[in-house]
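**Student:** Okay, here's the prediction I keep looking at, along with the sequence it came from:
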Amino acid sequence: MIRSDGVRFAVSPQTINEETRSVDAVFSTQNPVMVFDPFRHEIVPEILLASGMRSGESVSLIDSHNRETIKNVLGSAVPRKDGDRIVGVVRFAKSSQDEFEKVRDGHITDFSVGYRISEKDSAYVERGESKEVGGVSFDGPVVIRTGWELKELSLVVVGADPAAKARAENDDKIKNTDKKEKNIMSDTEEVKKEIKRSEPAPVPDPVPEPKPAPVDIEAITRAAKAAGAQEERIRIEQIKTMCRKVGVEPDKYENGKMTVDEVQRALFDDLAAQHETNRVSYGESDGEKWTRQAMHGLMIRAGQIGMVDENLRGQAHPVAAMTAIEFGKECLKRAGVDFSGMDIMEIAKRAMTTSDFANVINTTANKALKISYMERPYLWQQFCSIGSANNFLLQTEVEVSRGGVLTKLTTENPEYPMKKFTDGAQTYSIDTYAGMWRFSRHMLINDQMNVVANSQEMAKTAGRTIEKNVFDFIISNPTMSDGNALFSVAHLNIAVGADIDPPTIATLNEAELAMSNQLDLDGTTQLDIQPVFLLAPTDIKGYTKEFLSSTWWSDQAAIGTVDAADSSTRANIWKGRLQEIYTAKFTSTTAWYLLGEKGETFEVSFLNGRQAPIMETEFDFNTKDMKVTLSSDHGVRAKDWKAVYYNAGT
């Protein structure tokens, strides 16, 4: 998706080159800017990492983001990375001499960048959280674009900040801050001297009379008012002088009750803020409004009115009534494309390639995909914690010892004893799981592009993939960092010999004992882990649920036989104690597992914390189809072996 971000560029008169019609400029910085996020459909602060910028050797310089015709191309821009900024040289074409002169003479001072972002290269930091991205820690709420493609640079009329000056002036403000501070601080004395020189010479005090003169209250009042007026004139003159020196209108400061010192501090704060802000976010354009209305219209058309903003339902209904080809024509019309002489196949092709059709489809599909995925419950979510990784490299998670127990202090030994943390590292990696679908022009013409319903099915596909990967990981019994299998005799978490049986009072007691006897990494502290979850195949669901819901129970020699000696007198101590999870994804029809608390056993980690799958659309010029790709970047790991137990059953 291409978004425009207004940037106040800095032009230095020294960088103007008349011969080559070029000028140096700052394109973008890493300042956070409030923007509408097309993936979460909310206003968020956005940071463009300079290190993540991608572009060709040069990009087009165009007029006001009007990409409909080459007549709007004014020249080109050559970007380069400069620390946390994107800077470059802007070159004007011969035919754009007028625009170059307007920039040279300071009549136009604004650029705006157009760039493409993807959800895959977006790292979200929630409010109240911190996350390290690219070696830098960011505090939420914010979205960091770790990768973005610079598509074009535009010369625009509306500036990011009407009070901001050209680069040379801005640079002087920063470089000469000390000089300005001295100038501003000296203004008070200068103005006082000027006013002092303009005042008449002081009149000598009158010779006191032998008798005191009567007190003239009115004269004292007039004198006080005159003195106050004189002080106010001095205050205003001082403020005006300071404002003139830094090129700021004084109205904001002189009409209030601020002292000269307070105005001086406010001026420096405002100047600093102006220098920091070189990007702004504009309000929603007509095109963005149309995209939003069209998106909601497609959802209404699919019968998903619950996904639609109540305030937009009326505006979205006209789109909901359109067929797919009618919607394509509307997109072409809004793009200024005359389709009157085209056949229906050409209209379908042009709609997919030269209008907002693909953008609306992609935005709608992603929203429906995310909602459908997040609303659908999955079994793994009940017992797995969720983690995040910033890349696809091998990840090492350090397991820290619980620290043992505290030592009793005595009068003979009052010193705090030193406790040690013992580390145990487990490794895992993030992998990409993906698929592709095609939407042909025939589907568009035949009104078969139900993007919302298709997205919901794709969400189920992604969810099933993660679910399968979790249970496949458990079944695989992976090797841990100590070289032993997750479930092994070495880890004391596997049933052996006569203990291999279905879930019964005896086998569950044995499993609980093994879990509670597990030792911390220090090798001495008993953890006393309690079982919380039971994972089992659907093959033994009937028997197991009957057993775990019965008040009285006698362990059976085999499923289906009864021990008559104590079947009606033995209390079932396991009734209601476990959260039961049954699935057909287990390859064994008898094996079952006990797990401790969520967060102690298994974890599913996602790239940059993005749980919902990512959908992207692209037109295939070879087949004339629209390709829709779906991907999910995640990995599964065992956090520890101490809170898990395995019984092969019989």
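**Tutor:** The structure has been received and is ready for your questions.
**Student:** Okay, now the unreliable bits of the stretch 551-650 of the chain?
**Tutor:** 554-569 (pLDDT under 70).
**Student:** mind listing the helices for it?
**Tutor:** Using DSSP state H, counting those that start in this stretch, the stretch 551-650 of the chain contains no helices.
**Student:** can you give me the strands in the stretch 301-450 of the chain?
**Tutor:** Secondary structure of the stretch 301-450 of the chain (DSSP state E, counting those that start in this stretch): strands located at 384-389, 395-400, 423-428, 431-439.
**Student:** can you redo these as a markdown table with mean pLDDT?
**Tutor:** Listed next are the strands of the stretch 301-450 of the chain as a markdown table, based on pLDDT from 0 to 100:
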| stretch | mean pLDDT |
| --- | --- |
| strand 384-389 | 91 |
| strand 395-400 | 65 |
| strand 423-428 | 67 |
| strand 431-439 | 86 |
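**Student:** right, and the ones you listed - which one's nearest residue 580?
**Tutor:** Between residue 580 and the strands of the stretch 301-450 of the chain, the tightest spacing by C-beta to C-beta is seen for strand 384-389, at 16.1 Å. From N, CA and C alone the C-beta is placed, and that goes for glycine too.
**Student:** packing partners for that closest one?
**Tutor:** Helices and strands touching strand 384-389, by 3 or more C-beta pairs under 8 Å, 6 or more residues apart in numbering; DSSP states H and E, are strand 602-607.
**Student:** by contact count, what packs against the strand it packs on?
**Tutor:** Counting by 3+ C-beta pairs under 8 Å, 6+ apart, the packing neighbours recorded for strand 602-607 are helix 380-383, strand 384-389, helix 451-476, strand 625-638.
**Student:** any chance of the ones you listed in a markdown table, plus mean neighbour count and distance to residue 124?
**Tutor:** Shown next, in a markdown table, are these (neighbours: other C-beta atoms under 10 Å; distance: least, C-beta to C-beta, whole Å):
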| stretch | mean neighbour count | distance to residue 124 |
| --- | --- | --- |
| helix 380-383 | 19 | 19 |
| strand 384-389 | 18 | 10 |
| helix 451-476 | 19 | 18 |
| strand 625-638 | 20 | 14 |
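**Student:** Show me what secondary structure element comes after the helix or strand where residue 88 lies.
**Tutor:** In this structure, residue 88 is located in strand 85-92 according to DSSP states H and E. Next helix or strand after strand 85-92 toward the C-terminus (DSSP H and E): helix 97-104.
**Student:** if we can go back for a sec, now the strands of the stretch 301-450 of the chain in TSV, with distance to residue 337?
**Tutor:** Below are those laid out as TSV (distance: least, C-beta to C-beta, whole Å):
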stretch	distance to residue 337
strand 384-389	43
strand 395-400	48
strand 423-428	49
strand 431-439	20
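**Student:** So which of those is nearest residue 102?
**Tutor:** Minimum separation from residue 102 across the strands of the stretch 301-450 of the chain (C-beta to C-beta) falls at strand 431-439, 45.2 Å.
**Student:** what is the orientation angle of that closest one with helix 451-476?
**Tutor:** Orientation check (axes from the mean of the first three to the mean of the last three C-alpha atoms, to 10 degrees): strand 431-439 against helix 451-476 gives 150 degrees.
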